[in-house]
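# All I have is the shape, not the residue letters:
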């Protein structure tokens, strides 16, 4: 087999079969993975959650992960945020002609490893090859089905005044990592992506209490964007304590160099959790016992003041608004 | 106007220095300063060192306040 | 700074009960940090903080973005600080032009624009040179190095400005100036000393919470003595002599010219342009650019905001037609502008 992906591998013939067999089936050795047109599966008990997400990260390999791991984490975490145990995943690949096969194998292996860590089965997949330049490297879309833990219904509109705001670890590492990997600004730092599957963390919280009001993964737009969404959906105010927001020192250094706000850098393995204050200690304790949320901490509270706004208590004890999310992150220099 | 960053000089070669700000590193020009050495702190703006500085604001603000209250 | 001294400084700001006192923070980064930290909340009601014209993006003339777009349309690669990317020209911004295929490269330093030009010898590369004395040396260094290295595909579109004549123009607008720390890290403190003899008071301020609160405490305390004063409250960075090599470099490469400050009008001798020896690097000359005059919205009150004659929320456009995502006036186009900071940090809400 050629050592790069060719258009013939996407044409549906023998070469396609070999690509699937040697790259994907070799890694995804789930008994549920279908060789037919659709996977036939046992239905979840109770309520089902379903989500889909597309991944186009450039570069596709970065410190702490790659697009394959990301594509599993993203959908697993979306399901987990609804209180759903991830059961099944499908994945669709669009691969640029000429993409190195060894990288594709590496991506597939990461997907398999991450899926098996979570206990989710990859049940169906699709592969398309696009001509050179029509896509950038490899794009992956994953769709997931999960089983909602009975008695839980976390949602963005459930935040209540008096609740605490928890993040499950230091923020902004994924966004910072990608910014550094693209090397647009000549900056170097030892930062790895926070990309991680978070079902175990959510499961540990639900073992403490089912009374968790909001669980959201702070991906694109970062923690700040998610908090504004929650403040609007729930018509509440959110007050953060600037000093308690965990930021890795190197991420902080990069942000100061470029005039960026860590609250608006993407995470791929961090949850924002909003829950009644009486559960705060137990929830933080449960989160800290899980491998991907050891840095969980309370960063603020939900209030009935100024609905729709996120207020910061700053290092001098004064209150200001957190500026609203503003789209593309641009370095501020002059 | 002029976002500045205080950073520590790690090494210098031919007027270019590698500086470190809490683990974020970048090469900058130190051509405009005399006698910069590894270990010194500089104020960085737009890729050049604009001044040699002391690292933190603790003593400075203490002294300014003492002078004011004296 | 010890907790007690910080508290003392904060108390001075909170407990001031003298006559109305107008303090102008000249620097956009000061404006931004003062809002971000919530320092205005500490101030007694008689202390007015006026956000002056020290955000280079804000005071850059409307036609400048049109000039950059004109170059981009002719295939020139634009290299720029991120600050300028979303600023609207007459019909669109550089971000819009990029979406339509123009090459717009965000850089951290003018020296990165030089590297880009060296690595892309087949492209004409223009750096959008905005900024005050702090930023000018980096641009001049890029020009000198391009000259030495024989890089002939780099140009600058210059809209740099200098502070001395702006201070003179703003003289009556404030009782005390909070001088921009990093400008004077380059130029030194002699100008601030000279201004005292003209009756202008000021405090040179750094950018951390401690430095800003301390500098404001100095401003408030000294103002009560009724004698013009200057205090360098940022001595760890600003030496009296500044950074002489940077000043010499600027003088070798650039010379003063009259300049239009968006919102304020023309201030004589407050701009910079490349000296004739370096005119090959002047984008306006190399590409024979026609003169471009942008037109500001007549309802915009940015000029009055910049001089402290009104608050951002007094402007009829503020927060309605003019917001950070669709800015109309000078003070809204950059995150460091007075209106933008006021809007984003909830100046009228909290």
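Happy to help now that I have it. Given the structure is predicted, the values throughout are model-derived calculations rather than measurements.
# for chain B, what are the nearby residues on the stretch 151-300 of chain A?
Selection of the stretch 151-300 of chain A residues close to chain B by Cβ under 8 Å from any Cβ of the partner chain yields A:185-191, A:249-250, A:252-254, A:256-257, A:259. Every residue, glycine included, has its C-beta placed from N, CA and C.
# What is the end-to-end distance of stretch C:86-95?
Across stretch C:86-95, the terminal residues are separated by 6 Å (Cα to Cα, to the nearest Å).
# Spell out which residues of the stretch 51-200 of chain C are next to chain B.
Selection of the stretch 51-200 of chain C residues close to chain B by Cβ under 8 Å from any Cβ yields C:54-56, C:81, C:108-112, C:131-132, C:134-135, C:137-138, C:141, C:180-183, C:185-186.
# Farthest pair within the residues of the stretch 151-300 of chain A next to chain B?
Between any two of these, the greatest separation by Cβ to Cβ is 21.2 Å, found for A:190 and A:259.
# So these two - more neighbours on which side?
Neighbour totals were compared for residue A:190 and residue A:259, and residue A:259 leads with 21 against 11 (other Cβ atoms under 10 Å in any protein chain shown).
# which residue packs closest to that one, ignoring adjacent ones?
Take residue A:259 and drop its neighbours on the chain: the residue closest to it by Cβ to Cβ, 6 or more residues apart in numbering or on different chains is residue A:332, 3.0 Å away.
# Check residue A:277 too.
The spatially closest residue to residue A:277, leaving aside those adjacent along the chain, is residue A:164, at 5.2 Å (Cβ to Cβ, 6+ apart).
# need the contact list for that neighbour.
For residue A:164, the contact set (Cβ atoms under 8 Å, 6 or more residues apart in numbering or on different chains) comprises A:274, A:275, A:276, A:277, A:280, A:298, A:300, A:301, A:302.
# So which of those sit within helices?
Restricting the contacts of residue A:164 to those inside helices, with DSSP state H as the criterion, leaves residue A:280.
# Quick check, pLDDT for whichever residue of chain B sits closest to chain C.
Of the residues in chain B, the one nearest chain C is residue B:47, at a distance of 2.4 Å by Cβ to the nearest Cβ. Looking at residue B:47, its pLDDT stands at 96.
# how many neighbours does the closest residue to it other than its chain neighbours have?
Beyond its immediate neighbours in the sequence, the residue positioned closest to residue B:47 (Cβ to Cβ, 6+ apart) is residue C:109, lying 2.4 Å away. Each residue near residue C:109 was counted by other Cβ under 10 Å, and the total is 28.
# part of a strand, is residue A:272?
Yes - assigned with DSSP: H, G, I helix; E, B strand; the rest coil, residue A:272 falls within a strand.
# Surely it touches residue A:159?
No - using Cβ atoms under 8 Å, residue A:272 is not in contact with residue A:159, being 10.0 Å away.
# Quickly list what's touching both of these two.
Shared contacts of residue A:272 and residue A:159, defined by Cβ under 8 Å, 6+ apart, are found at A:214, A:230.
# Spit out the contact partners of the residue nearest to residue B:47.
With contact set as Cβ under 8 Å, 6+ apart, residue C:109 has these partners: A:333, B:28, B:46, B:47, B:48, C:138, C:142.
# Would you map the helices across chain B?
Under the criterion DSSP H, helices of chain B are mapped to B:58-69.
# Where is the longest strand in it?
The strand spanning the most residues in chain B, taking DSSP state E as the definition, is strand B:5-13.
# Run through who's touching that one.
Defining contact as Cβ under 8 Å, 6+ apart, one finds that strand B:5-13 is touched by A:256-257, B:17-21, B:25-26, B:28, B:30, B:36-45, B:53, B:55.
# in that strand, what counts as buried?
Neighbour counts over strand B:5-13 (16 or more other Cβ atoms under 10 Å in any protein chain shown) mark B:5, B:6, B:7, B:8, B:9 as buried.
# Quick check: phi and psi at whatever residue of chain C ends up closest to chain A.
Among the residues of chain C, residue C:38 lies nearest to chain A; the distance is 2.8 Å by Cβ to the nearest Cβ. The main-chain torsion angles of residue C:38 are listed as degrees, to the nearest 10 and equal phi 80, psi 30.
# Report the two of the contacts of residue A:164 separated the most.
So for the contacts of residue A:164, where distance means Cβ to Cβ, the most widely separated pair is A:276 and A:300, at 14.4 Å.
# So for those two, which sits in the more crowded spot?
Comparing residue A:276 with residue A:300 by other Cβ under 10 Å, the one with more neighbours is residue A:300, at 23 against 16.
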